[in-house]
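**Q** A structural model of the following input is requested.
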Amino acid sequence: MALKLPFPHSPNLEASLISKPNKSITMSINVESDLKEILDKLERKIDNLQSDVSGLRQQDIPTINVKLENLSTRMSHVEKTVDKVSTNQETIQKDVGDLKGAKSLIIPIVVAITTSILTLVIRAIPIS
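**A** Numbering: from 1, shown residues only. Model (predicted):
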């Protein structure tokens, strides 16, 4: 059996086709094998691959399910941790706001104490 096959990926052929676009080049190859033997070999290989894939699926699916459950559990723990961190962050922001408010009250408190001390000192001095 002789087949005529074009070989478009040859650099020389591509150069010749570019220079002469209407020209077609063919090469002939003799095939010495029986087509039925080749198809039988391919069919056996495909069957072997299919059985390998089926075996892997049956073995790996339980493992994948266990890993998926573990990941789901971890994600729920991570979500709880993120919620706790968010709550702590809100609390810290409120506390810092309160400290800033207290800081702004320090100066009036110092002024009030100083004024009261000066008033006591002035009253303690006898006026003659």
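**Q** Mind jotting down where the strands sit in the protein?
**A** Listed in chain order, the strands of the chain (DSSP state E) span 2-5, 27-30.
**Q** and the last one, average pLDDT?
**A** Over the span of strand 27-30, the pLDDT mean works out to 69.
**Q** Then the first one?
**A** Looking at strand 2-5 alone, the average pLDDT works out to 48.
**Q** Same question for stretch 50-65.
**A** The average pLDDT within stretch 50-65 is 80.
**Q** Point out where this protein drops to low pLDDT.
**A** Along the chain, segments meeting pLDDT under 70 span 1-25, 29-32, 128.
**Q** Can you check which helix is longest in it?
**A** Longest helix in the chain, counting residues (DSSP state H): helix 35-124.
**Q** Return the distance of that one from the chain's centre.
**A** 15 Å (Cα atoms, centre = their mean, to the nearest Å).
**Q** Who are the packing partners of that helix?
**A** Here helix 35-124 touches no other helix or strand, going by 3 or more Cβ pairs under 8 Å, 6 or more residues apart in numbering; DSSP states H and E. For every residue, glycine as well, the C-beta is placed using N, CA and C.
**Q** I'd like the numbering to begin with 21 instead of 1 from here.
**A** That works, and once the first residue is 21, the last one we named lands at helix 55-144.
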